[in-house]
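[1] Make a model of this:
(chains A, B and C)
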Amino acid sequence: MRYHPLTADDRAAMLAAIGTGSVDDLFAAIPADKRVDGLLNLPRGATELSVERTLGRMAAKNVPAGSVPFFVGAGAYKHHVPATVDHLIQRSEFLTAYTPYQPEVSQGTLQVLFEFQTQVARLTGMEVANASMYDGSTGTAEAVLMAHRLTRRSKAVVSGGLHPHYRGVVRTVTTMSGGTVSDLPPDPEGTEDILAAIDDTTSCVVVQSPSFYGHLVDLRPIAEKAHAHGALLVAVFTEVVALGLIEPPGAQGADIVVGEGQSLGNALSFGGPYVGLFATREKFVRQMPGRLCGETVDADGQRGFVLTLSTREQHIRRDKATSNICTNAGLCATAFSIHMSMLGGAGLEKLARLNHANAVKLAGLLTAIPGVEVLNDSFFNEFTIRVPGDAAAIVEQLAGRGILAGVPATRLEPRHPELSDLLVVASTEVNTDEDRAAFAAALAEVLG
Amino acid sequence: MPVYFTTDHEWIAVDGDIAMIGITNYAQSALGDVVYVELPAVGKTFAKGDEAAVVESVKAASEVYAAVSGTVTEVNDALVDEPAKVNAAPETDGWFLKLKLADPAELDGLMSRSAYDDYCESL
Amino acid sequence: MTMNTQGRPTAPTASAPLPASPTFTGNRGLDIAEPLIFEVGRREVSGVDIEDAGETPFRLGGHARKTPLDLPGLTEPETMRHYVRLSTQNYAIDLGLYPLGSCTMKHNPRLNEKMARLPGFADVHPLQPLGTVSGAIELVAECGRWLLEMTGMASVAMSPKAGAHGEMCGMAAIKAAIKARGEDRTIVLVPESAHGTNPATAAQLGFKVVSIPARADGTVDPEAVKAKLSPQVAAIMLTNPNTCGLFERDIVAIAEAVHAAGAYFYADGANFNAIVGKTRPGDLGVDAMHINLHKTFSTPHGGGGPGAGPVVLSDKLAPFAPVPFVRFADDGSAEFVETRKQAAGSATPFGRITAFHGQMGMFVRALSYMLAHGADGLRQASEDAVLNANYVKAQLMDVMTLPFGDVPVMHEVLFDDRFLEGTGVTTLDFAKAMIDEGFHPMTMYFPLVVHGALLIEPTESESKAGLDQFVGALRHLVERAKAGEVEAFKAAPVFAPRRRLDETAAARNPRLAWRAPEPEGRVAAE
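    Below you'll find the model as predicted:
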C-alpha cells in the first residue's frame, strides 16, 4: 500500500524488538469473540488512477455552478476566488499542521489567526473576534448560548428574517441546553415588528441583515430596545461581501456579530467546510466560545503569538467551558484571510459595489416580466421575487433549461405553503449580462 | 485576628463578624501565574460552599468557595487590574472578599494553620 | 584559449565564528521576519482586479457604509511573499514526525485534495435542485456506507462539522430517545481520562457530569460504573481505545451494565484509527460514536480544522438523527431528506445542527482515502499504527517510565514524568527540547490521570528508520536530562522561529486584535 512505509522485514524486526510473535498479540485486549478479520463487504485497495475514475464518475453527475447561469444563494454564494488563495492554503505548512499548541513552531498559523481576528473585528465593526466557528449557523447558536450566560436569562427572540436553517440550529441547540426560543413567522416582505417581541425576559434578539429574503434591516432601534430591556442584540449575516457596502452591525449597536465567511476564499462545496465569523465587545470576551489568538513576546523579547484565554475552553474548563468546540475551521479561516488581504478595504468595497449592481440589474430584468414582483425595497446581492405559480416547479423547469435560478422559499420552510410562490435569487460578480438575460428570457418563457 | 483554613486551600481571617477570604500560598503555587480574578458583587449572599469567586492561571481555572455563609461587604478590586498580587502576597494583599458572617458557629468546622500545614504535607 | 581568472573560490575558506551583531533586516538567512499585513498593506492596494460596476443605481435604502472600510490590501506578489514567509514558521506533518497523541497526525495524501477540488464536488451549491447534485448525494451516502461497514452500526448522521459537534449530535439523539420514552434522565458518566469535549458537550446539553475514576491499570472498572448507575443516568461517554492508549478490556461488561440500567453508551471515536478492521463498535454495544474524519481518515488538520465528525448510531437511536440525511428505499435508491416534515413517518429527527449537509469537502477526501486503502489497507493501517506505537514503547521503556507497566498499547503510548524525577527537567522542558531535535512535541499533560503525561502517537505513516531516529533523539534527551543539563532544557527551544512565549503576559493583558501604535510624540509626553 503506497501510504505505508513499513516493509514486511521491518514489521518482523519490530515485532522481535517488542518481543511478541505476531501483530495480533498486540490486539489481545479486544475480547476474542468481538474481533473481526477484516471488512468483508468492502473492496480491496485501489490505485490512484482507479480512485480518480470512481470519484470522477460521481463528480460528473453534478452540475457545477461555474458551468451554467447561476443564481443560487440563500446562505452560500458563488464568488470568484483568486488562484493565489488555493495555492497558498495548499502549502504543506498550513495544510498539514495541527492546532497551534506549540507556539514556537506554529507562528505561521498563529499570525494568520491574529490577522484574521483583526480583519473580522474591523469588518463587523466590533472590538474582538475569535479564531472561527464551524459555520455561520453554529456560530449563531453559540451566540445565543453566550447571550444566555451574559444576561442569565434563557429566552431568545428570533427574527423571521433569519435563515430558516439557522433558526433550526438555534432552536435545536437552545432548547437542548434548557433555553427557549421565541420565533417570529417567516418575514418575506421585511415588515415584521420585532420590537414588540422584546421584553424583560429576553436574553437576546437575533436579527439577520441582509435578511434571508434579502432585506436590509436597520439594527439601531432593535439594539436600543433590546438594551433598554437588558437584552443583547445578536446580528447575523450570511453574505460577508455585503459588509463592503453596508453599515457594519457594530456601528449599529450589536453586541455579538456572527456570520458566514464562505464567500471569501472558500468553495461552495455542497455546504461545507465553511467558516463561521464571531465577533463581540471586549467586555464580553470571557464568555466568548472558541479559540483566541493573542499577541505576546518570547524569551528574547521578540513579538510572537499564542492561543490565549484558554480557561474558557473545554480542555481546561471541561463541564464549565463556554462551548464544547475544539477543532474549528482553521484552514477555511486562512483562505478567508488571504482573500481579504488580497482585496483590501477598497477592493472589498469595489467587489460589493459590483455585486450590488449585478443584483439591481437582475431585479430590473425580472420585474419587467409580467406577473413577477420583487418584494424588496432594499437589498444587497440577493432578493425575493413572487412568481405566478409554484416556485419549486419553476426552478425545476429552469434547471431543465440549464439555468440554476435560485432557492424556492418552501424548500427551507416546508410548513409554510403560503410561501410557495416565492423565490430567493442572488447575483454576484460571477454573473454576466448574458447570464442575467438568459435567466429572464427563460423565466418569461416558462411563465409564458 | 484568628485565621482558619479549608481543604480547598482557602484562608479565612476573622475580625469581629467580618470574614476575609483568600487562597493559600500552596494554592497560588499550584495554580501558577494568576492572570484573572472574577469577584462577586457587594451585597451578594452566599451559603457555605457556594462558588463566590473565580481565579484563573494560564493553564487552570478554579472556583473560590464561600467557606462560611454570609453577605459580601467588600471585594479586593485591586486584583482585577493586578491579579499577580495573588501570587506575590496570597495571604495579605491578595485577599479576595470580605463576608459578614451569617453563622459564626460555622468557623468551628475549619482547620487551624498547623492542621492545614499537616494537610498540605499529606498531599 | 582565454581564461577568466577572476573566478570565485569553490570551497569554503576557514570557518569563522557566528557574527555577534544582528543582521540589518533581522532576518537569518531563510528565517525571514514578516510583519503583520496591517503594517505593510494599504487600504487602496488590491491583489484582485475587479470589473467596474458602471452607473447602476443603488437600492440600499439608506443602509450604505458611512465610513471607508479600514483594511489593508496587498498586491499578488506581496500576498505570495507574506503567506509563504509565514508558512515557513510552522511545523507540519509533511516536514516531519508529529507525534501528538490522540490527534492522529498521519500522512495527508494529495490525491484527496485533487478529488475534493473536482468542480462536480467543490463547485456545487447545497441548495441546487437535487436533480443536479445526484453525484454529490451518492458520495455522501457512499462515505456513510463505508463508515457503517467499519463500525457495524445501523445508521449514520453525516452533518456534524467536527468531533465535538458529533458528540453534541450523538448526545442530543440520546436525549431525544430518553424523552421519547417518557423519562427524564439528567446524569452523564464521564471517566476522568476523557477528552475535555466530553464533559463540555454533556454540560452544554443540560446534563450533570459525574466523573468515573480510572483503576490502577488505566482502564475503567465496570464495578465503578455500576456504582454510579441509577435511573437518573442517561449515558456514559467512553473513549475506546482510551486516552491512555489502552483498549478498554471490560467494554462489553460496561456496555451491558449501562444498557441494563436503561442508559446509552456514547463512544468517543477519536481513537477509532487503532481498531478499523480489527473490531466493530457496533459489536461492542456502542449506541452512538462520532468519527473524526480528520484523524482516522486523514483529512488535513489545516492548523485547527476544518474537521468532520459523522456519528454512527445504533438502531435504537437512528430514528432521532438530525436532518438532513440520506434515506434508502427498498430498491436501493437514495432519497435526500432535508426537513423534519419530509422525515415524518419513518423518523422523528431531534432537529438540525448545521445549516447545510455537513463537510462535503471532507467526505470526498475521506472516501478517497478509504477507496485507496480498501478493506485490506485500512486494516493494515490500524496494525501498523499499533505496531509503531508498541515499537516506540519497547525502545524507550528502559529510560522513560510507563504509568501502567509493560502491557501492549494500541496506537499511542503514554509515559509519565517519573523518569525526570530529580533532574529539574519537567515534561514541558522535555517537550520543548524535542523542537530543537526537529520534532513536534508529543501531547503533554494529557490525559490528566497521569502526572506530567507524555502521549506519543507515531501513526502508520512513519518508517522504521524515522522511528529509530525519533527514539534515538528521545534517548539522547533523557541522557542529557539525567546528566544535569537542566539549564539547557529550560532554555529550549533555541533553534525555532521563536523562543518560549510569555503566555502569562498574553492572558493578563489580552491583545486580540492589532491596533495602530500610538504616535511616538504622545508616548514620550506621558
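[2] beta partners of residue C:187?
    Under DSSP bridges, the beta-bridge partners of residue C:187 are residue C:208, residue C:233.
[3] just checking, it touches residue C:230?
    Yes. Residue C:187 lies in contact with residue C:230 (CB atoms under 8 Å); the separation is 7.3 Å. No exception for glycine: its C-beta is placed from N, CA and C like everyone else's.
[4] Looking at these two, which one has more neighbours?
    residue C:187 (19 against 12; other CB atoms under 10 Å in any protein chain shown).
[5] Find the closest residue to chain B in the stretch 301-450 of chain C.
    residue C:445 (7.8 Å; CB to the nearest CB).
[6] Give me the phi and psi angles of that residue.
    Backbone geometry at residue C:445, expressed as degrees, to the nearest 10, gives phi 60, psi 20.
[7] If we ignore the residues flanking it in sequence, what's nearest it?
    Nearest residue to residue C:445, sequence neighbours excluded (CB to CB, 6 or more residues apart in numbering or on different chains): residue C:453, at 5.7 Å.
[8] residues from chain B in reach of chain C?
    With the criterion set to CB under 8 Å from any CB of the partner chain, chain B comes near chain C through B:32, B:33, B:35, B:36, B:56, B:57, B:58, B:59, B:83, B:84.
[9] biggest helix in chain A by residues?
    Looking across chain A with DSSP state H, the single longest helix is helix A:330-367.
[10] what helices or strands is the helix or strand following that one leaning on?
    Of the helices and strands lying after helix A:330-367 in sequence (DSSP states H and E), the nearest is strand A:373-374. For strand A:373-374, the elements it packs on are helix A:330-367, strand A:382-386, judged by 3 or more CB pairs under 8 Å, 6 or more residues apart in numbering or on different chains; DSSP states H and E.
[11] In the longest one, which residues are buried?
    Neighbour counts using 16 or more other CB atoms under 10 Å in any protein chain shown place A:330-363, A:365-366 of helix A:330-367 among the buried residues.
[12] So which elements touch it?
    Using 3+ CB pairs under 8 Å, 6+ apart, helix A:330-367 sits against helix A:83-89, helix A:92-95, helix A:107-124, strand A:373-374, strand A:382-386, strand A:422-426, helix A:433-447, helix C:76-87.
[13] With respect to residue C:342, which of those lies nearest?
    Closest to residue C:342 of the helices and strands packed on helix A:330-367 is strand A:422-426 (CB to CB; 18.9 Å).
[14] The residue nearest to residue C:445 contacts residue C:444, doesn't it?
    Yes. Look at residue C:453 against residue C:444 with CB under 8 Å: they come within range, at 6.6 Å.
[15] between the two, what contacts are shared?
    In terms of CB atoms under 8 Å, 6 or more residues apart in numbering or on different chains, residue C:453 and residue C:444 are both contacted by the residues residue C:427.
[16] okay, residue 421: pLDDT?
    This is for chain A. Looking at residue A:421, its pLDDT stands at 98.
[17] wait, I meant chain C there
    Per-residue confidence (pLDDT) for residue C:421: 96.
[18] Tell me how far it lies from residue C:448.
    Separation of residue C:421 from residue C:448 (CB to CB, to the nearest Å): 19 Å.
[19] closest to residue C:245 among the residues of chain B next to chain C?
    When the residues of chain B next to chain C are compared for distance to residue C:245 (CB to CB), residue B:59 wins out at 22.8 Å.
[20] Please name the bridge partners of whatever residue of chain C ends up closest to chain A.
    In chain C, the residue that lies nearest chain A is residue C:73 (1.7 Å; CB to the nearest CB). Beta-bridge pairing for residue C:73 (DSSP bridges): residue C:42.
[21] these two touch, right, it and residue A:347?
    Yes. Contact status for residue C:73 versus residue A:347: in contact at 5.4 Å, counting by CB under 8 Å.
[22] okay, and the common contacts of these two?
    Counting by CB under 8 Å, 6+ apart, the contacts common to residue C:73 and residue A:347 are C:46, C:47.
[23] any idea where the strands of chain B begin and end?
    Here chain B has its strands, by DSSP state E, at B:3-5, B:10-15, B:18-23, B:34-38, B:45-46, B:51-57, B:61-65, B:70-75, B:97-101.
[24] Are the longest one and chain A in contact anywhere?
    So that's strand B:51-57. Yes. Residues of strand B:51-57 contacting chain A under CB under 8 Å from any CB: B:56, B:57.
[25] got the buried residues for that strand?
    Result for strand B:51-57 [16+ other CB under 10 Å]: buried residues B:52, B:53, B:54, B:55, B:56, B:57.
[26] Among the residues you listed, give me the pair with the biggest separation.
    Distance extremes for those: the farthest pair is B:52 and B:57 at 18.3 Å, using CB to CB.
[27] Quick check: mean pLDDT of stretch A:56-72?
    98.
[28] who's in contact with it?
    Applying CB under 8 Å, 6+ apart, the contact partners of stretch A:56-72 are A:78, A:268, A:362, A:399, A:402-407, A:425-427, A:430-431, A:434-436, A:438-439, C:115, C:118-121, C:123-125, C:127-128, C:132-136, C:138-139, C:142.
[29] thinking again about what came up before, surely the residue of the stretch 301-450 of chain C closest to chain B meets residue C:455?
    No. Between residue C:445 and residue C:455 no contact is recorded; they are 9.2 Å apart, counting by CB under 8 Å.
[30] The residue of chain C closest to chain A and chain B, how far apart?
    Using CB to the nearest CB, to the nearest Å, residue C:73 is found at 35 Å from chain B.
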